[in-house]
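J.: sequence plus the predicted model coming up.
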Amino acid sequence: MVENINIEDIKDIAFKSGEAVLKIYNQDFEVEYKDDNSPLTKADLEANRIICQSLEKLYPNIPILSEENISINYEIRKNWKYYWCIDPIDGTKEFVKRNGEFTINISLIYKNSPVLGVVFSPVLNDIYYAKKGFGAFKNGQKLPLQINKNPEKSLVAVSSRSHQSDEVLKFLENLKKETENLSVISKGSSLKFCLVAEGVADIYPRFSPIQEWDTSASHSILLESGKNILNYETGEQIKYNKESMLHPWFIAK
């Protein structure tokens, strides 16, 4: 199935939705709040509409799971072999703050693992994409762009700009003891994973709630760049299409 998906089509959908999102981003917009107190804007809904309608037209036989769609019962989706996992705007808090650190995320999941992903940053105009067996890329350049050959001397960690936790701070303090020089970058949205895929950062610990659609597209990019997202307790790759869409604590590296 994945070999029949044209990654250029998926990139075009991301570009199209990004263009619509930027129009809203550059004008006044209202912010609503969901039951979990997370923000929602017209841009989230418009990007979701464009992505879902485009995917339904191109690949009508592949079901879609999106943050902004009505939730689908596990008894139905547990039987899916392939499905699209969408986060129309990852980093809506960053969108509202207008700091540019938000992304559009489209991924294809096979069973419990991502096999294709596109992450587009409309403000930065950077696009990351990957397809299983074909590698990962940023703006046409194969990832990783750089490799840290001396991690015992220098490490770069990336942490969440809007979802920091005491547990992560403690983890970073312990990490300082394992390397001569540790620097930390704060970044919003799935850009954190993309920095690890690039090689700009070495590690991203996440010890606070995060959903499957927040990681799926960038996880595909990490996998194809030789990295992974591992369950903090078990060391195994995190899984998708679970009954609970929440991930356990993890480390991307």
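T.: Cool, got the structure. This is a predicted model, so every value here is computed, not measured.
J.: just the buried residues of stretch 133-143, please?
T.: Judged by neighbour count using 16 or more other Cβ atoms under 10 Å, the buried positions of stretch 133-143 are 136-138, 143. C-beta coordinates here come from the backbone N, C-alpha and C atoms, glycine included.
J.: contacting residues around the residue lying farthest from the centre of the chain?
T.: The outermost residue of the chain relative to its centre, with distances by Cα atoms, centre = their mean, is E180 at 30.0 Å. E180 makes contact with 152-154, according to Cβ atoms under 8 Å, 6 or more residues apart in numbering.
J.: what does L124 give?
T.: Taking Cβ under 8 Å, 6+ apart, we find L124 in contact with G100.
J.: show me the strands in the stretch 51-200 of the chain, by range?
T.: 64-66, 82-90, 103-110, 113-121, 126-131, 135-138, 141-142, 154-160, 181-187 (DSSP state E, counting those that start in this stretch).
J.: let me know which of those strands is tucked in deepest.
T.: strand 103-110 (a mean of 28; mean count of other Cβ atoms under 10 Å).
J.: what packs against that strand?
T.: On a contact count with 3 or more Cβ pairs under 8 Å, 6 or more residues apart in numbering; DSSP states H and E, strand 103-110 meets helix 7-25, helix 42-58, strand 82-90, strand 113-121, helix 212-224.
J.: now do the longest one: which elements does it pack against?
T.: When contacts are defined as 3+ Cβ pairs under 8 Å, 6+ apart, helix 7-25 sits against helix 42-58, strand 103-110, strand 113-121, strand 126-131.
J.: what about E67, distance to E212?
T.: The gap separating E67 from E212 is 9 Å, by Cβ to Cβ, to the nearest Å.
J.: ah, wrong one, I meant E19
T.: Distance of E19 to E212, given as Cβ to Cβ: 26 Å.
J.: which one's more surrounded, the two?
T.: More neighbours surround E212 than the other of E19 and E212, with 24 against 11 (other Cβ atoms under 10 Å).
J.: do a quick rundown of the helices in the stretch 151-253 of the chain.
T.: Listed in chain order, the helices of the stretch 151-253 of the chain (DSSP state H, counting those that start in this stretch) span 166-176, 191-198, 212-224.
J.: report the inter-axis angle for the second one versus strand 113-121.
T.: In this case it means helix 191-198. Here helix 191-198 runs at an angle of 110 degrees relative to strand 113-121 (axes from the mean of the first three to the mean of the last three Cα atoms, to 10 degrees).
J.: check contacts around the nearest residue to V2 once chain neighbours are set aside.
T.: Spatial nearest neighbour of V2, excluding adjacent residues (Cβ to Cβ, 6 or more residues apart in numbering): V115 at 4.6 Å. V115 sits next to 2, 108-109, 131-132, 220 when contact means Cβ under 8 Å, 6+ apart.
J.: let's see 10 Å
T.: Residues near V115 by Cβ atoms under 10 Å, 6 or more residues apart in numbering: 1-3, 5, 82, 107-109, 130-133, 220, 223-224.
J.: tell me who's in contact with V196.
T.: V196 makes contact with 143-144, 156-158, 202-204, 218, 221-222, 225, 227-229, 251-253, according to Cβ under 10 Å, 6+ apart.
J.: if you set the cut-off to 8 Å instead, what comes out?
T.: Contacts for V196 (Cβ under 8 Å, 6+ apart) come out as 158, 202-204, 222, 227, 252-253.
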